[in-house]
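Participant: Here's a sequence, model it:
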Amino acid sequence: MKKLLMATTAAALTAGMANAAGHSEIKIGVILGFTGPIESLTPSMADGAELAMSEVTESGMLLDGASVTPVRADSTCVDAGAATAAAERLITSDGVKGIMGADCSGVTGAILSNVALANGVVMVSPSATSPGLSDAEDNGLFFRTAPSDARQGAVMTEVLMEQGLKEVALTYTNNDYGKGLADAFQAEWEAAGGTVTISAAHEDGKADYSAEVGALAAAGGERLVVAGYVDQGGSGIVRAALDSGAFDTFHFPDGMISAQLAENFGSEIDGSTGQHPGTDSPGKELFAELVGDAFDPSSPFTPESYDAAALMMLAMQAAGSAEPGEYKDHIMDVANAPGEQIFPGELAKALEIIKGGGEVDYVGASAVELIGPGESAGNYREIVVEGGEITTAKYR
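Facilitator: This next block holds a predicted model:
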């Protein structure tokens, strides 16, 4: 396992060696917002996906020795036009056989409807969580290793109710992700007897959020729920709230949780809470061991990125083909029981089992279980900020 610690930097070299030996090359796109409102999250996400690709290439077991080469592209997270153009280049110019991504829900939906469907290319997103994607037309091409925000809304309600809270103010980034999550949470919260004093959108990219915070403060609430982005308006809202004294504790959904949150605010937000997809399954610890100190294995959506790439490659082996139209029908099969459970670092073992006609149940780094339209059933890590650090309260 330890030789995989430099996997992301060695991927191109390994692929080149495989090609020199006469093996075929399979390209997989990695399209994430390397610039934009979650740019502090995406480097580890990409590293996670590329680690799985290197692991498979080193094994020499995929389709009788094919190498896997990642090709990165920038979704920007927020610019649908730029994201679709980037995805189009991945498919038409680079010849990718699948896309690990995208990340944010709006650009993911745009790529799916405008590019993936037209070209018949599989997408597995590790982080697009809008409930609207559950019903999107996809011709069986779209999957996600992150759960829908319909599930996150219920989990968020449980967390806040267990703290004895009854009234919260809510602000959300004005896009598919923010609106979908805000609506899911408000419905669950009010059904449980809670009150949302105000639900107000905010725009990213502003220098001053005092007006937005003024409206939130006037409505009141025991805590401010910030369904935004840590590298954009979400942090702007928090800073304005702290500076004005409007709120001193917050609740953070997944788009706000990263090392950048602690760096931005430290102990100023002690007592604040939140949740993001995560698990305490054996796969989590095995993934951390596999990664070592190469990158942050606990960063949100990084385990899900490793799993997204792994599922595509195991499905290719099950189909005996890297063609998306052939392997798409095998993703649900390799993700779920029956079969031998497969954890991080065991992709060679999985490929060998499949080649021999056996079945695998890919558990991976995030306890993958795909339900319904090919999305994660959903496990969450509940966090609390203590001493300026993001700490784990429990898993749900």
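Participant: mind showing which ranges of this protein have poor pLDDT?
Facilitator: For the chain, applying pLDDT under 70 flags the ranges 1-23.
Participant: what domains does the record give for it?
Facilitator: The chain breaks down by automatic domain parsing into domains covering 2-148+282-355, 151-279+378-395.
Participant: can you map out the helices along the stretch 51-200 of the chain?
Facilitator: 80-92, 105-111, 117-119, 149-162, 176-191 (DSSP state H, counting those that start in this stretch).
Participant: out of those helices, deepest packed?
Facilitator: Of all those, helix 105-111 carries the top mean neighbour count, a mean of 27, counting by mean count of other C-beta atoms under 10 Å. No exception for glycine: its C-beta is placed from N, CA and C like everyone else's.
Participant: quick one: contacts of that one?
Facilitator: By C-beta atoms under 8 Å, 6 or more residues apart in numbering, the residues outside helix 105-111 that reach it are 31, 33, 75-80, 83-84, 87, 99, 101-102, 123, 125, 128-130, 132-133, 136, 175-177, 180.
Participant: CA atoms only for that helix - export them in CSV, please.
Facilitator: The C-alpha coordinates for helix 105-111 follow below in CSV (Å, rounded to 0.1, in the frame of the first residue of the first chain):
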residue,chain,number,x,y,z
SER,A,105,-25.1,20.5,-8.5
GLY,A,106,-25.8,23.2,-11.0
VAL,A,107,-22.8,22.5,-13.3
THR,A,108,-23.3,18.8,-12.8
GLY,A,109,-26.8,19.0,-14.1
ALA,A,110,-25.7,21.2,-17.0
ILE,A,111,-23.0,18.7,-18.0
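Participant: show me the contacts for the nearest residue to residue 145 once chain neighbours are set aside.
Facilitator: Leaving aside its chain neighbours, residue 145 sits nearest to residue 304 (4.2 Å; criterion: C-beta to C-beta, 6 or more residues apart in numbering). Residues near residue 304 by C-beta under 8 Å, 6+ apart: 45, 48, 126-127, 145-146, 277, 365-366, 376.
Participant: Let's see that with 10 Å instead.
Facilitator: 45, 48-49, 124-127, 144-147, 277-279, 364-366, 368, 376 (C-beta atoms under 10 Å, 6 or more residues apart in numbering).
Participant: Let's see which of those end up in strands.
Facilitator: 124-125, 144, 277, 376 (DSSP state E).
Participant: Between which two of those residues is the distance greatest?
Facilitator: By the measure C-beta to C-beta, 124 and 277 form the most distant pair in those, at 14.3 Å.
Participant: what bridges to residue 370?
Facilitator: Per DSSP bridges, the residues bridged to residue 370 are residue 376.
Participant: count of neighbours near it?
Facilitator: 21 (other C-beta atoms under 10 Å).
Participant: And for the closest residue to residue 276 other than its chain neighbours, the neighbour number?
Facilitator: Excluding its sequence neighbours, the residue lying closest to residue 276 (C-beta to C-beta, 6+ apart) is residue 254, at 3.8 Å. Close neighbours of residue 254, defined as other C-beta under 10 Å, add up to 28.
Participant: where does residue 254 fall, phi/psi-wise?
Facilitator: phi -60, psi -40 (degrees, to the nearest 10).
Participant: you'd agree it is up against residue 274?
Facilitator: Yes. Using C-beta atoms under 10 Å, residue 254 makes contact with residue 274 at a distance of 7.9 Å.
Participant: Now do the shared contacts for these two.
Facilitator: By C-beta under 10 Å, 6+ apart, the residues touching both residue 254 and residue 274 are 156, 380-381.
Participant: What's the end-to-end length of stretch 372-383?
Facilitator: In stretch 372-383, first residue to last residue: 28 Å (C-alpha to C-alpha, to the nearest Å).
Participant: How far does that stretch sit from its chain's centre?
Facilitator: Between the centre of stretch 372-383 and the centre of its chain there are 10 Å (C-alpha atoms, centre = their mean, to the nearest Å).
Participant: Mind listing what's buried along it?
Facilitator: Neighbour-count burial for stretch 372-383 flags 374-376, 378-383 (criterion: 16 or more other C-beta atoms under 10 Å).
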